[in-house]
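**Q** only geometry, no sequence info:
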C-alpha cells in the first residue's frame, strides 16, 4: 500500500511526537522548579549567614567582663552562642545552629588583662 493509503499512520506519528514533546517539557519544568527551589534555599541560607556574621561581629567586640559573664552556651535568638576561655586572655566564640548544633561561625579573640595595669595606675 502506498503511504497515502494507510489510514491513521500520520495521526499515530503526531501522537507519538506530542507524547515525546510532553515528556521533554515535563522534564524541563521539573528541572526549572528544582533550580528555583535551590536558588531560594541558597538565598535564605546566605541571608541567615549574614545575620549570624553581624551578630558575631558584635560579640567579638565584647570586653573581658562581658565575655566572662557569658561563658558556656546560651541561646541567642535563632542560634546558640558558646564562649570558652582557653587561656586567661584568649576566648573562643562559636555561633551554632540552634536546631542541629552545627557550628556556623567560630573565632578566637584576645582580651588583655587590664586588672594588673589598673592596680599599677592606682599605686602611682
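**A** Cool, the structure landed. Predicted model, so just to flag it, every value in this text is computed and none were measured.

**Q** Please pull out the lowest mean pLDDT helix or strand from the protein.
**A** Counting by mean pLDDT, DSSP states H and E, the chain has its least confident helix or strand at helix 115-123, which shows a mean of 57.

**Q** List of residues touching stretch 88-97?
**A** With contact meaning Cβ atoms under 8 Å, 6 or more residues apart in numbering, stretch 88-97 is reached by 52, 55-56, 59-60, 67, 73, 76, 79-86, 102-113. C-betas here are computed from N, CA, C, even on glycine.

**Q** How far away from the center of its chain is it?
**A** Here the centre of stretch 88-97 is set off from its chain's centre by 19 Å, with Cα atoms, centre = their mean, to the nearest Å.

**Q** average pLDDT for that stretch?
**A** The pLDDT scores in stretch 88-97 average 94.

**Q** Equivalent analysis for stretch 100-114, please.
**A** 89.

**Q** Check stretch 50-59 too.
**A** 93.

**Q** Would you mind listing the buried residues in stretch 46-54?
**A** For stretch 46-54, burial by neighbour count (16 or more other Cβ atoms under 10 Å) applies to residue 52.

**Q** can you check stretch 79-96 too?
**A** So stretch 79-96, judged by 16+ other Cβ under 10 Å, has buried residues 79-83, 91, 93-96.

**Q** distance between the ends of it?
**A** 6 Å (Cα to Cα, to the nearest Å).

**Q** now that stretch, how far from the centre of its chain.
**A** Relative to the centre of its chain, stretch 79-96 is centred 20 Å away, using Cα atoms, centre = their mean.

**Q** what's the answer for stretch 56-64, then?
**A** Using Cα atoms, centre = their mean, the offset of stretch 56-64 from its chain centre is 21 Å.

**Q** next one: stretch 63-72
**A** For stretch 63-72, the distance to the chain centre is 26 Å (Cα atoms, centre = their mean).

**Q** Could you shift the numbering so residue one becomes 684, and keep it that way?
**A** Done: numbering now begins at 684, and the last item shifts to stretch 746-755.
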